[in-house]
Structures are given as C-alpha cells and as structure tokens.
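Asks: No sequence on hand, only this structure:
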C-alpha cells in the first residue's frame, strides 16, 4: 500500500513539474516575456536621448579597470606578508577588510597587538585564534600587529 501511495505521489509531482515548466510564458519568451523585454528597451531608449559625449579608448579602459577593481574588492590593492596570508587572510581578508573575522583595516598596531596577546593567553575566547597563535613568539605577534597597523599607509601608497 505504501508503495502505491508513493508511486502516485511521484507521478503527480512529476506532472506538476512538467506543467509549471511549460506554462510560465515569462521564461519562455511568451507574451509576458515580451512585456518585460519592452520595459527594458524603454529604459535604454529613455537614457539614450541624453547620450554623453563619446569617450576615447583610454578613458573607457580606465573605467572598465575601475569597475573590475570595484567588483573584485581590494584583493590585490597592496602587498602583504606570506605570514599574514597564511595565518590571517582566510578569515580577515587579504587586506584586512574582514570576511568571517572582524575588519582589521584601520586598527592601530597597538590595539591589534593587545588583541593578539589576549587571544594567545586565553583572555579572549576564540579557539581558532588561539590555535593559530599558540606557537608564535611575542616578536611574531608584534610583527603581525605592525603589518596590520600599516595597512592604511600601504593602501594610500598603492593608489
């Protein structure tokens, strides 16, 4: 009996999937799809009536490059050490912009150093940070903190 009910439900579900796939005209270029296409053309035509002056190729390339940089973020804005890349970048971003971990960009070297020491000592709880820092010496922590504190200066120099 269970097999019969499951078989009937499966047939009904497959039939509904087929009906939905063939019924919606928007996705298949039907009348509704043409309405949406016309709306897009009207916006393009409305904006083309006040067309800006033609830009030369160099300006177009600069705009395209800027758009790509904006889209990609700050991934290659400035150089960071291999130590930062291997220990910090996976959570805090290549340039400290913050991904899963908090944003480091703009923090002072002293604050970062204090936080690193607190994580290592266990005063701040974060098992990932403690695991990453447990084998590092104080001089390593200072070097990482100084590098992170210098991120704003590096960003200015790279522009």
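Replies: Great, that's in hand. Fair warning: this is a prediction, and the values are worked out from it, not measured in the lab.
Asks: what's the helix or strand for the residue nearest to residue 90 when sequence neighbours are not counted?
Replies: With Cβ to Cβ, 6 or more residues apart in numbering as the criterion, residue 90 has its nearest non-adjacent residue at 7.6 Å, and that residue is residue 99. The way it works is simple: take the backbone N, C-alpha and C, and place the C-beta from them, glycine included. If you go by DSSP states H and E, residue 99 is not part of any helix or strand.
Asks: so who does residue 99 touch?
Replies: 90-93 (Cβ atoms under 8 Å, 6 or more residues apart in numbering).
Asks: Look up how far residue 89 lies from it.
Replies: Remark: distance between residue 99 and residue 89 (Cβ to Cβ, to the nearest Å) = 9 Å.
Asks: Could you find the closest non-adjacent residue to residue 87?
Replies: Once flanking residues are discounted, residue 87 sits nearest to residue 132: 5.3 Å by Cβ to Cβ, 6+ apart.
Asks: State the helix or strand in which the one you found lies.
Replies: helix 127-133.
Asks: That helix - contacts with which helices or strands?
Replies: helix 109-121 (3 or more Cβ pairs under 8 Å, 6 or more residues apart in numbering; DSSP states H and E).
Asks: that older thread, filter the contacts of residue 99 down to the ones in helices?
Replies: 90-92 (DSSP state H).
Asks: Buried members of these into ChimeraX, please.
Replies: When burial is assessed using 16 or more other Cβ atoms under 10 Å, the buried subset of the ones in helices among the contacts of residue 99 is captured in ChimeraX by this command:
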select :91,92
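Asks: Tell me the one among the ones in helices among the contacts of residue 99 nearest to residue 78.
Replies: Checking these against residue 78 by Cβ to Cβ gives residue 92 as the nearest, at 14.5 Å.
Asks: I'd say the closest one and residue 112 touch.
Replies: No. If you go by Cβ atoms under 8 Å, residue 92 and residue 112 don't touch, sitting 10.3 Å apart.
Asks: list the residues that contact both of those two?
Replies: By the contact definition Cβ under 8 Å, 6+ apart, residue 92 and residue 112 are jointly contacted by residue 104.
Asks: Let me see the contact set for residue 109.
Replies: Per Cβ under 8 Å, 6+ apart, neighbours of residue 109: 145-146, 148-150.
Asks: That concludes my questions; thank you for your assistance.
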